[in-house]
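[1] I need the structure of the sequence given here:
(2 chains)
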Amino acid sequence: MKKLFVSLWLAAAAHAVAAPTCGQFVPDAQFPVLANAKLAPKTRLLCYADFAVLHSGLTHGPLWSAEHLTRAHLGEAREQVRTNKFFEDPALPPGEGATLADYKRSGFDRGHMSPAGDRWNGEAMAQSFTLANVVPQDRENNQHLWAHIESAVRKLAVRYGEAYVVTGPLFAGQTLRTIGASHVFVPTQLYKVVYVPAANEAFAIVVDNVATDRYDVKTVHELETMSGIRFPGIPETLKDQRIGGLKGV
Amino acid sequence: MSDFHAFANDDDVLNIEGDALTVSNGVACIAIAGALKIGKDKRGMKAARALKAALDEIVAALEREKALPDEIQDDPPEATGTVKNPFA
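    Next comes the predicted model:
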């Protein structure tokens, strides 16, 4: 019994050391909340230089990745020229994270959630290549449609000065596909939730994880229902807005 | 690009101007994706040099190979597994 107590205490202490210090990447310092309790097991909040991830040891990837885009930082991001390296995240206990081998020959891209192109310094860009920030994404989708969506969101943030963005996978249906020996879940869809304070605007984008040019615009409330994740930092009054579409996508 | 070693691994990505253009390394195949505007300015010069260095490195790596095949076949992807959705 004593042993158990000690190990629990150690676990608590370890958690305290890794206390989240990344509230600045979400509006009003309010992180997304897992409304669907089934998402909660084996989740860990990971703080990086300019984004934050909630990682799932069940899916072996992120459930959400949050970032705060500003005009000044995006100006820096456009200047970045560097060689990066995908890596297995050392912050995760063995078995929880995906491995490089899982993705090798999987046929899927390692699709960034918070994109490399938003990172405004070398450290942050290097960190964005953690496998904790990527999901198995259809290659065509990642390189075309998704890249255009990321670019359109950047333009919104530049135009209005700032935007809060959360990106993640959706897992719909009774059966899911997996890749690799870790059984990394393949998302059925991907989402982005975007909040632009200066425009008094919030919306969500959903795309199927297949080769497609089609994206769906959702309200934040609709996305909350689909994802089982709530976004308390976004004003409730904006959550039923529906925008027409994204410019240039 | 001194730190981009063509065909050395499957995990390096050279990012030019954020992720406007990416050069993804691979043991069997290197993938270049994106769109890059090269302005007649210092920024354009920086991007052009990075791209040229990467391409020079790729060509040099290919030229070092003694017996290149005409065309290698893509390995078919491994079959995916399945799991019951624990979130449904």
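[2] Could you check the pLDDT of the residue lying closest to residue A:47 once chain neighbours are set aside?
    Closest residue to residue A:47 apart from its sequence neighbours, by C-beta to C-beta, 6 or more residues apart in numbering or on different chains: residue A:22 at 3.7 Å. Quick note: C-beta positions are derived from backbone N, CA and C, even for glycine. Confidence at residue A:22, expressed as pLDDT, is 93.
[3] Report the contact partners of residue A:105.
    Listed by C-beta atoms under 8 Å, 6 or more residues apart in numbering or on different chains, the contact partners of residue A:105 are B:75, B:77-78.
[4] could you flag which of these are buried?
    Buried subset of these (neighbour count, 16 or more other C-beta atoms under 10 Å in any protein chain shown): empty, as none qualifies.
[5] Closest to chain A out of these?
    residue B:77 (2.8 Å; C-beta to the nearest C-beta).
[6] State whether that closest one is indeed within a strand.
    No. Using DSSP: H, G, I helix; E, B strand; the rest coil, the assignment for residue B:77 is coil, not a strand.
[7] What parts of chain B come near chain A?
    For chain B, the residues in contact with chain A (C-beta under 8 Å from any C-beta of the partner chain) are B:1, B:3-4, B:10-20, B:22, B:33-34, B:43, B:46-47, B:50, B:75, B:77-78, B:80-88.
[8] pLDDT wise, what is residue A:13 at?
    So residue A:13 comes in at 39 (pLDDT).
[9] thought residue A:86 was touching residue A:134?
    Yes. Using C-beta atoms under 8 Å, residue A:86 and residue A:134 qualify as a contacting pair, with a distance of 7.4 Å.
[10] Excluding chain neighbours, what is closest to the residue of chain A found nearest chain B?
    Shortest chain A-to-chain B distance, computed as C-beta to the nearest C-beta: residue-wise this is residue A:107, at 2.8 Å. Distances taken as C-beta to C-beta, 6+ apart place residue B:77 nearest to residue A:107, at 2.8 Å, with adjacent residues excluded.
[11] ok, now which ones touch the one you found?
    Residue B:77 neighbours (C-beta under 8 Å, 6+ apart): A:105-108.
[12] now do 7 Å
    Contacts for residue B:77 were tallied using C-beta atoms under 7 Å, 6 or more residues apart in numbering or on different chains; they are A:105-107.
[13] Nearest to residue A:171 among those?
    residue A:106 (16.9 Å; C-beta to C-beta).
[14] Any idea how many residues pack against the residue nearest to the closest one when sequence neighbours are not counted?
    The spatially closest residue to residue A:106, leaving aside those adjacent along the chain, is residue A:179, at 4.0 Å (C-beta to C-beta, 6+ apart). Neighbours of residue A:179 under the rule other C-beta atoms under 10 Å in any protein chain shown: 24.
[15] now swap in the one 5 residues further on and tell me
    Residues contacting residue A:184 under the criterion other C-beta under 10 Å number 26.
[16] give me phi/psi at it?
    Backbone torsions for residue A:184, taken as degrees, to the nearest 10, come to phi -70, psi 130.
[17] Would you check how far apart it and residue A:109 are?
    Here the distance between residue A:184 and residue A:109 works out to 13 Å (C-beta to C-beta, to the nearest Å).
[18] Whichever of the residues of chain B next to chain A end up buried, select them in ChimeraX.
    The following ChimeraX line selects those of the residues of chain B next to chain A that are buried, judged by 16+ other C-beta under 10 Å:
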select /B:1,4,10,11,12,13,14,15,16,17,18,19,20,22,33,34,47,50,80,83,87
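[19] Of the residues of chain B next to chain A, which belong to helices?
    The members of those that map onto helices under DSSP state H are B:43, B:46-47, B:50.
[20] those strands in chain A, which residues are they?
    Ranges of strands within chain A are A:33-34, A:43-47, A:52-56, A:61-70, A:81-85, A:109-112, A:134-137, A:162-170, A:175-179, A:184-185, A:189-196, A:201-208, A:216-218, A:229-230, based on DSSP state E.
[21] Where does pLDDT dip in chain A?
    A:1-20 (pLDDT under 70).
[22] ok, which residues in it are in contact with chain B?
    A:36, A:38-39, A:58, A:77-78, A:80-86, A:100, A:104-107, A:115-117, A:125, A:129, A:143, A:147, A:171, A:173-179, A:183, A:185-186, A:228 (C-beta under 7 Å from any C-beta of the partner chain).
[23] Residue A:102 is in contact with residue A:181, correct?
    Yes. At 6.5 Å, residue A:181 counts as touching residue A:102 under the criterion of C-beta atoms under 7 Å.
[24] So for the two, which residue has more residues nearby?
    residue A:102 (23 against 11).
[25] what's the more buried one in contact with, if anything?
    Contacts of residue A:102 (C-beta under 7 Å, 6+ apart): A:179-182, A:184.
[26] could those residues be laid out in TSV, adding distance to residue A:219?
    Formatted as TSV, those follow (distance: C-beta to C-beta, whole Å):
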residue	distance to residue A:219
A:179	32
A:180	35
A:181	39
A:182	34
A:184	30
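[27] For the chain, which residue occupies the most central location?
    Assuming you mean chain A. residue A:65 (2.4 Å; C-alpha atoms, centre = their mean).
[28] Can you look at chain B instead?
    Centre-nearest of chain B using C-alpha atoms, centre = their mean is residue B:24, 2.5 Å out.
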